[in-house]
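Peer 1: Provided below for reference: sequence and predicted model.
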Amino acid sequence: MTVSTYNPADHTSNQNAHASTAANHIATGNGDDILRVMPTLSDLQKPHSDQEFIEKAMAEERSNHKNLIASSRDELPSVTVNGVMIDRTNIAQELQYHPAENKEDAVFLATQALVVRELLRLAVLDEPSLGETAWENDEEQAISTLIDKNVQATMPDMATCERYYSQNITDFKTDPIMTVRHILLACPPEDGDERLKLKKTAYEFIEQIKNNANPDAEFIQLARQHSACPSKEQGGELGIISKGQTVPEFESTLFKLDKGLAPSPIESRYGFHIVEVLNKESGIQMTYEQVSPAIHNKLSQQAFHQALCDYLFTLANEADIEGIEMTLEQENIFRG
């Protein structure tokens, strides 16, 4: 494999893009699944986050090919696979599928995706059971058949799955749940003066609840009188809450609370919340038997992806690729 005149490291000191790549759908072992290595025509019609850049590049390509190479060499590289140049128009269109921290990295990933597609096209043409007819009839199906024939992943056995569970046991624990009620003193986030007043009021209500002979009844009464949340009709009760059900700034503090009335109000974008935790249940550790199917599926996908990387690396090594230094990794060959 011949390398290389284009590498984003030559244009920027920060190559940390972890964009997806050539395949926007990957099969994990079923013959009916389709591996998509390039966008379809309908995909290419989707809007782009940097449309102006694409239109400019395509306009230059149409008007003066030589000038594009000279003036935009750093943006759209000149890359060939076995002497066939990767079309710069296709590179410009492919960019939309490779978000990255900077444009140089996006161009690199888009170009690499097209190189991978060309490698797979050549492999389909060389495969006696496929050939040019299969490619012309259905490119995606041809690639899928090629992958099924040439990528043989070693599936994880029970011992491997059990070892993964033991090494990552904390990942297999259910989220804690809480039964909560609150009083919302609402205020727009930009109204600083009003927020200061409501914060003071919130502390006063907390003291009022704590010092009441019947704090439960006092909380319910204050909720019905002052809360801006529809839950006030139920005395402020929000029911059972798990992670991901509320706004982040509220949740991050809520799940640190112990059972009982919170000593301080929680501030959120909506205002100040006087909160009482009525019940709190810690997350439950799930057994291996409960999660073994998910573990087996995850490790199987990883094995398949690694085998695909190895196959693509072999194709790249056997080809004459000029203009790009390929970096075939699980993190950058898939467009999920």
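Peer 2: Cool, the structure landed. Residues are numbered from 1 along each chain as shown.
Peer 1: Arg181 in helix, strand or coil?
Peer 2: strand (DSSP: H, G, I helix; E, B strand; the rest coil).
Peer 1: can you pull out the helices in this protein?
Peer 2: Applying DSSP state H to the chain gives helices spanning 41-44, 51-63, 65-71, 88-94, 103-126, 131-137, 139-150, 158-167, 192-211, 215-226, 248-254, 288-318, 330-333.
Peer 1: Ranked by average pLDDT, which of those falls at the bottom?
Peer 2: Least confident of those, judged by mean pLDDT, is helix 65-71 with a mean of 30.
Peer 1: In terms of residue numbering, what are the domains of the protein?
Peer 2: By the assignment in automatic domain parsing, the chain contains the domains 8-157+293-333, 177-281.
Peer 1: Please point out which parts of stretch 196-208 sit buried.
Peer 2: For stretch 196-208, a neighbour-count test (16 or more other Cβ atoms under 10 Å) marks 198-199, 202, 205-206 as buried. Just so you know, the C-beta spots here come from the backbone N, C-alpha and C atoms, and that holds for glycine as well.
Peer 1: coming back round to it: any chance of the helices of the chain in JSON lines, plus distance to Ile324?
Peer 2: Shown next, in JSON lines, are the helices of the chain (distance: least, Cβ to Cβ, whole Å):
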{"stretch": "helix 41-44", "distance to Ile324": "21"}
{"stretch": "helix 51-63", "distance to Ile324": "17"}
{"stretch": "helix 65-71", "distance to Ile324": "15"}
{"stretch": "helix 88-94", "distance to Ile324": "11"}
{"stretch": "helix 103-126", "distance to Ile324": "6"}
{"stretch": "helix 131-137", "distance to Ile324": "23"}
{"stretch": "helix 139-150", "distance to Ile324": "20"}
{"stretch": "helix 158-167", "distance to Ile324": "35"}
{"stretch": "helix 192-211", "distance to Ile324": "53"}
{"stretch": "helix 215-226", "distance to Ile324": "63"}
{"stretch": "helix 248-254", "distance to Ile324": "40"}
{"stretch": "helix 288-318", "distance to Ile324": "10"}
{"stretch": "helix 330-333", "distance to Ile324": "13"}
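Peer 1: Show me which of the buried residues of stretch 196-208 is closest to Glu104.
Peer 2: The nearest member of the buried residues of stretch 196-208 to Glu104, counting by Cβ to Cβ, is Lys199 at 47.1 Å.
Peer 1: how near is the closest residue to that closest one other than its chain neighbours to Thr287?
Peer 2: Closest residue to Lys199 apart from its sequence neighbours, by Cβ to Cβ, 6 or more residues apart in numbering: Phe272 at 5.7 Å. According to Cβ to Cβ, to the nearest Å, Phe272 stands 42 Å off from Thr287.
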